[in-house]
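Engineer: Here you go, sequence then predicted model.
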Amino acid sequence: MDLNLVVLKGRPVTEPEIVEFPDGVRFMRMLIAVRSEYPQQQLDVLAVIWWNPPEQSGGNRLEPRRATWVVGAMQRRFLDVSDPPRSHVEVVAHAVMSDLAQAGAMGAIAP
């Protein structure tokens, strides 16, 4: 059985960007910095998108440098049809929650 599951705890690098299409579909795009200690210290900045996120309010406000959890799956998206093809790997979030929201609730906020 295959499994595509990603769980991240990191910090947004900038304010999340929300894009809304004319048909009302929205998505949030953000970069999450994830620090690793093993096998060596490193810092990765990962692209995360979240389709139709709920309105941000209260403790679940996603802000730069505030610890944030992301649960989702990896996706490879092809950007154009050039030769060789260019692609982009990103996390497609199913749930996103700031540490402050986690302190007040035991479940992830999902769309």
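Structural biologist: Happy to help now that I have it.
Engineer: do you know how far the residue of the chain positioned farthest from its centre is from M74?
Structural biologist: Distance from the centre of the chain peaks at D83, with 29.1 Å (Cα atoms, centre = their mean). From D83 across to M74, the span is 25 Å (Cβ to Cβ, to the nearest Å). C-betas here are computed from N, CA, C, even on glycine.
Engineer: Now do the contacts for the residue nearest to D99 when sequence neighbours are not counted.
Structural biologist: Nearest residue to D99 in three dimensions, chain neighbours excluded: A67, at 3.9 Å (Cβ to Cβ, 6 or more residues apart in numbering). For A67, the contact set (Cβ atoms under 8 Å, 6 or more residues apart in numbering) comprises 9-11, 98-99.
Engineer: Grab the nearest non-local neighbour of the residue nearest the centre of the chain.
Structural biologist: In the chain, the centroid-proximal residue (Cα atoms, centre = their mean) is V48; its distance is 3.2 Å. Leaving aside its chain neighbours, V48 sits nearest to V91 (4.6 Å; criterion: Cβ to Cβ, 6+ apart).
Engineer: buried ones in the helix or strand hosting that neighbour?
Structural biologist: For V91, the host element (DSSP states H and E) is strand 87-98. Neighbour counts over strand 87-98 (16 or more other Cβ atoms under 10 Å) mark 90-98 as buried.
Engineer: Include pLDDT when you put those into CSV, please.
Structural biologist: Compiled in CSV, the buried residues of strand 87-98 are given as follows (pLDDT from 0 to 100):
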residue, pLDDT
E90, 94
V91, 96
V92, 96
A93, 94
H94, 94
A95, 91
V96, 90
M97, 88
S98, 83
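Engineer: From the residues you listed, pick the one nearest P54.
Structural biologist: Looking at the buried residues of strand 87-98 and their distance to P54, the nearest is V96, at 9.5 Å (Cβ to Cβ).
Engineer: hey, what's the closest one bridged with?
Structural biologist: V70 (DSSP bridges).
Engineer: where's the residue nearest to D99 relative to L43, distance?
Structural biologist: Relative to L43, and taking Cβ to Cβ, A67 is found at 15 Å.
Engineer: likewise D23?
Structural biologist: For D23 relative to L43 (Cβ to Cβ), the value is 37 Å.
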